[in-house]
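Trainee: turn this into a structure:
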Amino acid sequence: MAIVGALGVTVAGQAVAAPLPTVDRSARPASARAMWVWDTSDPQAVVSLATARGIGQLYAAVPAHVDSSPELAELQRLVALADVARVRVDALGGDPGWVDDPARVVTSWLQPALATGLFTGVHVDIEPYTTPAWTKNRRAVITRYLATLDRLHAATAGAPIEADIPFWFDEVPANGSTLDREVMRRTEAVAVMAYRNHADGPDGTIAVASAGVAAGAQLGRPVRIGQETNDLGVEPTEVKQTFHGMTLAQMDSQLSLVRDAFSGSPAFAGLAIHDSRGYAAITG
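Mentor: You can find the predicted model right below:
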């Protein structure tokens, strides 16, 4: 088979050239169904999964200094395939340590990622609550976290920025408000990680995501609802958070209930699936 360009790829048997820096992807709209992609080593499999399951937007993991990283070629192939499939790709990154040096994050991660011309938007997954500092001095961590979001937002050069937040951020005080709202004020959209494998009930996805969707409606921010597919463990508190071990039909039936529950909200922007590897393993 003929290969087009130094980074040629194929989709459905068609040769596709690697994306050129002159391609304008800035105006690609958000999709009602997105997916995190932490492993970009098999671009063909990722885009095939996306097209088969109605995923219109990918959050693709981008390393620091991507311009000199061997992963750049993988990302170029991924975006080339996504271009053909009309799938939007956003730059994904994040680490709790980002809150300690946001200036470095801008220069080492954000600016190199945007300079590739591959990405429409920016998607951050910082999770500052996963560190011991969150327990020892939560107020200081929140201050640094919000300052990091401010710094990133100011440096995106107009690209939209979206952040992952856990559903319980509505219970965390911040700046006389709540942390979910403060994050929304600093981003164009959020993905609420409402990880449950059942939609209904007091501990179902609909219940735990409701506060985030309501806050988004009040602030005029789109809110996605994140759902987990990876194996988190065997404890009941772990099992209930993921569709791992269930069939695709079972998962889709629950996702339909979630969509129906929030379809009337102006803030509801759709679903986000975590992540491509876990989702690919769910069949039937």
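Trainee: wait, isn't residue 223 in contact with residue 210?
Mentor: No. If you go by C-beta atoms under 8 Å, residue 223 and residue 210 don't touch, sitting 10.4 Å apart. Heads up, the C-betas are built off the backbone N, CA and C, glycines and all.
Trainee: out of the two, which sits in the more crowded spot?
Mentor: Neighbour totals were compared for residue 223 and residue 210, and residue 223 leads with 28 against 17 (other C-beta atoms under 10 Å).
Trainee: for residue 114, see how far away that one is.
Mentor: Per C-beta to C-beta, to the nearest Å, residue 223 is found 24 Å from residue 114.
Trainee: cool, and residue 230?
Mentor: Distance of residue 230 to residue 114, computed by C-beta to C-beta: 28 Å.
Trainee: over to residue 65?
Mentor: Noted for residue 65: a distance of 13 Å to residue 114, by C-beta to C-beta.
Trainee: looking at the two, which is more packed in?
Mentor: The residue with more neighbours, out of residue 65 and residue 114, is residue 114; 20 against 13, by other C-beta under 10 Å.
Trainee: any idea of the pLDDT on the residue lying closest to residue 284 once chain neighbours are set aside?
Mentor: Of all residues not flanking residue 284 in the chain, residue 247 sits nearest, at 3.8 Å (C-beta to C-beta, 6 or more residues apart in numbering). At residue 247, the pLDDT value in this model is 98.
Trainee: residue 247: neighbouring residues, count only.
Mentor: Residue 247 has 12 nearby residues by other C-beta under 10 Å.
Trainee: any idea which element residue 224 lies in?
Mentor: According to DSSP states H and E, residue 224 maps onto strand 223-228.
Trainee: burial count for residue 106?
Mentor: By other C-beta under 10 Å, the burial measure for residue 106, its neighbour count, is 18.
Trainee: mind checking pLDDT for it?
Mentor: Looking at residue 106, its pLDDT reads 98.
Trainee: you'd agree it is in a strand?
Mentor: No. Per DSSP: H, G, I helix; E, B strand; the rest coil, residue 106 lies outside any strand segment and is helix.
Trainee: wait, it touches residue 149, no?
Mentor: No. The pair residue 106 / residue 149 is not scored as a contact, 11.8 Å apart, by C-beta under 8 Å.
Trainee: tell me who's in contact with residue 125.
Mentor: By C-beta atoms under 8 Å, 6 or more residues apart in numbering, the residues touching residue 125 are 36, 92-94, 163-164.
Trainee: then residue 184?
Mentor: The neighbours of residue 184, taking C-beta under 8 Å, 6+ apart as the test, are 190, 215-216, 219, 221.
Trainee: narrow those residues to those in helices?
Mentor: Taking DSSP state H, the ones among the contacts of residue 184 that sit in helices are 215-216, 219.
Trainee: would you write a PyMOL line that selects the buried entries of those?
Mentor: A single PyMOL command selects the buried members of the ones in helices among the contacts of residue 184 (16 or more other C-beta atoms under 10 Å):
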select buried, resi 215+216
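Trainee: would you turn the ones in helices among the contacts of residue 184 into CSV with distance to residue 26?
Mentor: As requested, these are arranged in CSV below (distance: C-beta to C-beta, whole Å):
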residue, distance to residue 26
215, 28
216, 23
219, 24
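Trainee: quick one, strands of the stretch 51-200 of the chain?
Mentor: Taking DSSP state E, counting those that start in this stretch as the test, the strands found in the stretch 51-200 of the chain are 57-61, 88-93, 122-124, 161-166, 173-174, 177-178, 189-193.
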